[in-house]
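Engineer: I need the structure of the sequence given here:
(chains A, B, C and D)
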Protein chains: 2
Amino acid sequence: MKNKRYSESLEDYLETIFMYGGKDVKSVDIAKHLNVSRASVNNALNSLIDKGLVTKELYGNIALTKSGMEVSKKVLEKHELLKEFLIDILGINPEQAEKEACGIEHIISDFTAVQIKKLMNKLKEKKD
Amino acid sequence: MKNKRYSESLEDYLETIFMYGGKDVKSVDIAKHLNVSRASVNNALNSLIDKGLVTKELYGNIALTKSGMEVSKKVLEKHELLKEFLIDILGINPEQAEKEACGIEHIISDFTAVQIKKLMNKLKEKKD
DNA sequence: CTATAATGTTAGCTGCATTTAACATTATAG
DNA sequence: CTATAATGTTAAATGCAGCTAACATTATAG
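Structural biologist: Okay, here's the model as predicted:
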């Protein structure tokens, strides 16, 4: 229940690992997904390990710790919520919505996310 | 009509200068407003001068160029729009809204801003 | 099995945004 | 006017996040 803040960059790495749902993510996959070099992934992973969010041994498998999991999940949920809001409510095109969600997800609080969700539900049910 | 992108940091400096509405901003004011050192302001100003967004001579007055003005104005407008949306529509507390607006303003496109404005107007007039 | 390809790691570099500390200039209080 | 305070500038350092290039390990195709 710490709710510590991490850099956007590190949250992006966490989110990417989380997306693979425990399915043996490779550094190289993360690198492709985030459009960065393998070296950058390595760096970031070491940072995440230091912070107790990820575990991995030399040449070993990447896994999220419990707290890494919590952080990742929240970020990904915000991402999806924002994307839906941008596309369905504001009419932003999916590609642009993806980009903006990817930035905003790191900024809004959990409470703001909840409020967006409520608003979205209200607006969607009213469309009937 | 270029619509070039600048770093969040530089946009913050521009926004701050713009807020003073041409009233002879001092480096020291900017420093206080952004909670950074005078040295950082100096650095940023030189960057902005390089990019043709600000003019200033050694120990001279700070002014926005035409294009610096355009960029600043857009950022500040987004800031205010977002803050209003967060407070009035989502019920976020003003202090938190301020913080989040300050981050999101650098991310959303002009189009997204327009769409938020439309949504907000619709929601506000319906409150009657 | 082993050679090669794929992946992971390390070292050293870059750019950006910040800092502190020292110094320069400008403004102002007496 | 001049001493002092306020402001502005510069230099040197830091941390972060990325890069490339070289090297190490692991996986795989023959």
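Engineer: tell me which element the residue nearest the centre of chain A is part of?
Structural biologist: Compute the mean C-alpha point of chain A, and by Cα atoms, centre = their mean the closest residue is A:Glu15, 3.3 Å away. Under the criterion DSSP states H and E, the helix or strand holding A:Glu15 is helix A:8-19.
Engineer: pull that helix out as PDB, backbone CA atoms only.
Structural biologist: Extracted C-alpha coordinates of helix A:8-19, given in PDB (Å, rounded to 0.1, in the frame of the first residue of the first chain):
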ATOM      1  CA  GLU A   8       7.600   7.400 -16.500                       C
ATOM      2  CA  SER A   9      10.300   5.400 -18.100                       C
ATOM      3  CA  LEU A  10      10.400   2.800 -15.400                       C
ATOM      4  CA  GLU A  11       6.600   2.600 -15.400                       C
ATOM      5  CA  ASP A  12       6.700   1.900 -19.100                       C
ATOM      6  CA  TYR A  13       9.100  -1.000 -18.600                       C
ATOM      7  CA  LEU A  14       6.900  -2.400 -15.800                       C
ATOM      8  CA  GLU A  15       3.800  -2.100 -17.900                       C
ATOM      9  CA  THR A  16       5.400  -3.900 -20.700                       C
ATOM     10  CA  ILE A  17       6.500  -6.800 -18.500                       C
ATOM     11  CA  PHE A  18       3.100  -7.000 -17.000                       C
ATOM     12  CA  MET A  19       1.400  -7.100 -20.500                       C
END
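Engineer: gap between that helix and the chain center?
Structural biologist: Its chain's C-alpha centre and that of helix A:8-19 lie 5 Å apart, by Cα atoms, centre = their mean, to the nearest Å.
Engineer: check the average confidence over it, would you?
Structural biologist: For helix A:8-19, mean pLDDT rounds to 97.
Engineer: show the low-confidence segments of chain A, by residue range.
Structural biologist: Chain A contains residues with pLDDT under 70 at A:1-2, A:127-128.
Engineer: residues contacting the longest helix seen in chain A, please?
Structural biologist: Criterion DSSP state H: the longest helix present in chain A is helix A:66-84. If you take Cβ atoms under 8 Å, 6 or more residues apart in numbering or on different chains as the criterion, helix A:66-84 is touched by A:2, A:4, A:6, A:11, A:14-15, A:17-19, A:48, A:52-54, A:64, A:94, A:97-98, A:100-102, A:104-106, A:108, A:110, A:113, A:116-117, A:120. Using the backbone N, CA and C atoms, a C-beta is placed for each residue, glycine as well.
Engineer: looking at those residues, which are in helices?
Structural biologist: Counting by DSSP H, these contribute A:11, A:14-15, A:17-19, A:48, A:94, A:97-98, A:100-102, A:104, A:110, A:113, A:116-117, A:120 to helices.
Engineer: drop anything exposed from those residues.
Structural biologist: Among those, those classed as buried by neighbour count (16 or more other Cβ atoms under 10 Å in any protein chain shown) are A:11, A:14-15, A:17-18, A:48, A:97, A:100-102, A:104, A:113, A:116.
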